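>>> After the sequence you'll find the predicted model.
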Amino acid sequence: DAAEERFAANNTLSKAQHELAIGSLPGGNTRTLLHTSPFPLCMKQGKGAYVWDLDGHKYLDLVGELSAGLLGHTHPQVQATIRRTLEETGVSLGATTQHEQALAAELCARFRLARVRMTNSGTEANLHALAAARHVTGRRRVVVFSGAYHGAVLSFPNDHAGDAGDAAPAPAPNTVDRADFVVVPRYNDLALARRVIEAADDLAAVLVEPVQGAAGCIPGGREFLAGVREAARSKGAVFILDEVKTSRLAPHGLGAELGLGPDLVTLGKYIGGGLAFGAFGGREEVMRAYDPRVRGSLAHSGTFNNNTLAMSVGRTVLADVYTPDVCVRFNHKGDRFRERLAEVARGSRLSFTGRGSLIGLHFTEDGTEEITCREDVNRKQRTDLRDLFWFEMLEAGFWITRRGVIALILETPDEELDRFVEAVKNFLERHRDIMMV
Ligand code: PLP
């Protein structure tokens, strides 16, 4: 409570802005996840790996726009590409462009896809991937996993309603027909997944994240994911890997790294360099569902699907900035960072999950037991400790999601990561009585 009071006292301009915002936006913003009680911080500016709020506080940005901000704010190559495209091409031409083709070729080569199509978001990419799967199989239902987040209308946890703590509103009504989805009630449980997939009738697709991001950055085991793929194949269902968040974790995407060979892959986030972006692609036989030269194929529309800015920036991101070498080094850095954090937190109620540059923080009663699915998080979570940590990290100058996910930014100086490790250590020492198991 004291930390929350200090927060309110130190952020009077954010508070006033929130009061203004609730006059026209329900709850004060357009992304439920960004709501935090007593009010969300309003950010004013981002530069490199830092953000500044309205009250003038500077933070190291560990939110990284929930992984879409991999390149950091105002990346010079992204800015240069946007300026050049604006000047030379314009924003959107109501036509196909060379930018679109160039990015498509880059995506196919990089993520080993036969064909790809662009969307405005990861959500749309998943919806279109599902439509393609339904089209080619002539079936309807989709197996997903509890804790999964595949986008705004494709959310399957029972508690993914934002960071509002105990006052969290009910999950947003899912506008897709829930009856079309069969939810496996535990991620990382292969025997259970096999049973559910085998028993599912009218099965068009199995859709899975190789790391469950929104659930708490929980990696799927290689055996689990490969087993799910096999189960999908033996049912004749399309195996779709949602790499919207995870394609950053390995040079050719995490599916390639784990040898999963998915039928379809969905992409998004950082590839747009901060602009709205999504894509789905994969095997020719499935992607033919969207070939307008084929009789009876599906229509795929979206005014901004191939907008020139996102197309040209996407190519810059993959070809010039986040090259395979950079990707490998960056994710090693993330692994080392997570290991150091785990070392500092040993014996405490704070533990870490994740892979490479995506890290999940968990505050649990026992602190040590492995977290392999969302149900583990729900059962064991200590939201009081999590919230205390969040308020105190803000005071120490670290911008982090309240529910505890870090998405590292490429340009983050090593000394800043050292400073965070030190801040975590100090937090644990300061609160030994409640933090140590
Ligand atoms: N899939 C996964 C795994 C995600 O993490 C997200 C976004 O967080 C999405 C899909 C949806 O992407 P978008 O927010 O671009 O619609």
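Received the coordinates, thanks. Numbering: from 1, shown residues only.
>>> From here on, just use CA atoms for contacts and neighbour counts.
Noted.
>>> list the contacts for residue 412?
Residues in contact with residue 412 (CA atoms under 8 Å, 6 or more residues apart in numbering) are 48, 49.
>>> hmm, 6 Å instead?
By CA atoms under 6 Å, 6 or more residues apart in numbering, the residues touching residue 412 are residue 49.
>>> Can you tell me how far it is from the ligand?
According to CA to the nearest ligand atom, to the nearest Å, residue 412 and the ligand sit 21 Å apart.
>>> Count residues in the vicinity of residue 415, would you?
Neighbours of residue 415 under the rule other CA atoms under 10 Å: 9.
>>> And residue 380, by the same measure?
Residue 380: 16 neighbours (other CA under 10 Å).
>>> Equivalent analysis for residue 387, please.
Residues near residue 387, counting by other CA under 10 Å, number 21.
>>> Give me the secondary structure label for the residue lying closest to it once chain neighbours are set aside.
Closest residue to residue 387 apart from its sequence neighbours, by CA to CA, 6 or more residues apart in numbering: residue 402 at 6.7 Å. Here residue 402 is recorded as coil under DSSP: H, G, I helix; E, B strand; the rest coil.
>>> so how far is residue 42 from residue 402?
Distance from residue 402 to residue 42, counting by CA to CA, to the nearest Å: 14 Å.
>>> Who has more neighbours out of the two?
Between residue 402 and residue 42, counted using other CA under 10 Å, residue 402 has the larger neighbour count: 24 against 18.
>>> Quick check, pLDDT for the more buried one.
On the pLDDT scale, residue 402 is placed at 91.
>>> Get me the contact residues on the stretch 201-350 of the chain for the ligand.
Proximity of the stretch 201-350 of the chain to the ligand is confined to 209, 213, 242, 244, 245, 268, 269 under the rule CA under 6 Å from any ligand atom.
>>> Spit out the contact partners of residue 123.
residue 151.
>>> mind redoing it with 7 Å?
Counting by CA atoms under 7 Å, 6 or more residues apart in numbering, residue 123 touches 150, 151, 152.
>>> So what does the residue nearest to residue 387 look like in phi/psi?
Backbone torsions of residue 402, given as degrees, to the nearest 10, read phi -60, psi -40.
>>> what do you get for residue 355?
phi -160, psi 140.
>>> now residue 406
Note on residue 406: backbone dihedrals following degrees, to the nearest 10 are phi -110, psi 130.
>>> the helices in the stretch 151-300 of the chain, which residues?
Read by DSSP state H, counting those that start in this stretch, the stretch 151-300 of the chain holds these helices, from start to end of the chain: 190-199, 222-234, 254-257, 284-287.
>>> Tabulate those in CSV, adding columns for distance to residue 59 and mean neighbour count.
Shown next, in CSV, are these (distance: least, CA to CA, whole Å; neighbours: other CA atoms under 10 Å):
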stretch, distance to residue 59, mean neighbour count
helix 190-199, 41, 17
helix 222-234, 36, 19
helix 254-257, 30, 19
helix 284-287, 43, 18
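>>> any chance of the ones you listed in a markdown table, with distance to residue 19 and mean pLDDT too?
Listed next are the helices of the stretch 151-300 of the chain as a markdown table, based on distance: least, CA to CA, whole Å; pLDDT from 0 to 100:
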| stretch | distance to residue 19 | mean pLDDT |
| --- | --- | --- |
| helix 190-199 | 46 | 96 |
| helix 222-234 | 46 | 98 |
| helix 254-257 | 42 | 98 |
| helix 284-287 | 47 | 98 |
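>>> Among those, which comes closest to residue 110?
Among the helices of the stretch 151-300 of the chain, the nearest to residue 110 by CA to CA is helix 254-257 (10.1 Å).
>>> So which elements touch the closest one?
Packed against helix 254-257 by the contact rule (3 or more CA pairs under 7 Å, 6 or more residues apart in numbering; DSSP states H and E) you find no helix or strand.
>>> residues making contact with that helix?
For helix 254-257, contacts defined as CA under 7 Å, 6+ apart pick out 246, 247, 250, 261.
>>> mind redoing it with 6 Å?
Under the criterion CA under 6 Å, 6+ apart, residues residue 247 lie in contact with helix 254-257.
>>> For the one residue in the stretch 151-300 of the chain that gets nearest to the ligand, which residues are in contact?
The ligand sits closest to residue 151 of the stretch 151-300 of the chain, with a gap of 3.6 Å, by CA to the nearest ligand atom. Applying CA under 6 Å, 6+ apart, we find residue 151 in contact with residue 123.
>>> rerun that using 7 Å as the cut-off
Contact analysis of residue 151 by CA under 7 Å, 6+ apart lists 122, 123.
>>> same thing with residue 60?
Listed by CA under 7 Å, 6+ apart, the contact partners of residue 60 are 49, 50, 51, 397, 398, 399.
>>> bridging residues for it?
Counting by DSSP bridges, residue 60 forms beta bridges with residue 50, residue 398.
>>> Residue 420: which of the contacts of residue 60 is nearest?
Each of the contacts of residue 60 was scored against residue 420 by CA to CA, and residue 398 proved nearest at 7.6 Å.
>>> so what's the closest one up against?
By CA under 7 Å, 6+ apart, the contact list for residue 398 reads 59, 60, 61, 62.
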